[in-house]
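what's the 3D shape of this:
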Amino acid sequence: MTAARTLEVQKYEDAYRHDDYRLGDRRRVHITEHLKRLPKGSLLDVSTGRGEVLQIARDLGHFPVQGTEAVEYLCDGLNIVHAFGHALPFADRSYSAVTMFDVMEHLLPEDTGPVCQELARVAKRRVLLTIHNGSHRYRGQELHVNRRPSYEAWHIELEHHFKRTVIRHGKANSISEMFEVAL
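Model (predicted):
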């Protein structure tokens, strides 16, 4: 792991030690609404944190459901496996849908392309992701290190990396935009 990636992961190792660093109500509502639209099937949530999205997906009838996380102590090795978005330990087309909610902005900018390629590689039908393009400081640390001048710039870049049309749904909630890739 690079020194820069190690430093970024350490931020989240520290953040997740606090109970207030978790999926908030606004994000929970918009994630639930978008997961309701997806046809039922297998689902992988990349960088799932505490696994809240996994429970939402299960409650909506998606099966099987699994997550990945870079913060090792959040992983149980079964439901949540230790992995980075740019190197997912799954075979091609392993999941009907792959999601990544409000994570892209946390990644090192140079990981954007490799992460998009991995999301598309392990998805059979669809990739669904949200991006928050603004600053976010938590306990004195800037967590959003991967931003663009606009959501339109994100849209153009995502189409470049996914090498296909990316549907831009606009504001997913008051803080993020939703993007969808059909495979």
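
residues in contact with A83?
68-70, 89 (CB atoms under 8 Å, 6 or more residues apart in numbering). Yep, even glycine has a C-beta here, placed from its N, CA and C like the rest.

Try it again at 7 Å.
A83 is in contact with 68, 89, counting by CB atoms under 7 Å, 6 or more residues apart in numbering.

Could you tell me what pLDDT the model assigned to it?
On pLDDT, A83 comes in at 98.

Now do the contacts for the residue most central in space within the chain.
The centroid of the chain falls nearest to M100 when counting by CA atoms, centre = their mean (2.0 Å). Contact analysis of M100 by CB under 7 Å, 6+ apart lists 46-47, 85, 119, 129.

can you redo these as JSON lines with neighbour count and secondary structure?
JSON lines is the format used below for these (neighbours: other CB atoms under 10 Å; DSSP: H, G, I helix; E, B strand; the rest coil):
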{"residue": "V46", "neighbour count": "27", "secondary structure": "coil"}
{"residue": "S47", "neighbour count": "23", "secondary structure": "coil"}
{"residue": "G85", "neighbour count": "23", "secondary structure": "coil"}
{"residue": "L119", "neighbour count": "26", "secondary structure": "helix"}
{"residue": "L129", "neighbour count": "25", "secondary structure": "strand"}
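
Check the burial of the residue nearest to H86 when sequence neighbours are not counted by counting its neighbours.
Once flanking residues are discounted, H86 sits nearest to P114: 3.8 Å by CB to CB, 6 or more residues apart in numbering. Residue crowding around P114 was assessed by other CB atoms under 10 Å; the count is 15.

tell me what the helix or strand encompassing P114 is packed against?
In this assignment (DSSP states H and E), P114 forms part of helix 112-122. Helices and strands touching helix 112-122, by 3 or more CB pairs under 7 Å, 6 or more residues apart in numbering; DSSP states H and E, are strand 95-101, helix 151-162.

Now do it, average pLDDT.
Mean per-residue pLDDT for helix 112-122: 98.

ditto for stretch 47-59
Mean pLDDT, computed over stretch 47-59, is 98.

Lowest average confidence across helices and strands of the chain, where is it?
strand 166-171 (a mean of 87; mean pLDDT, DSSP states H and E).
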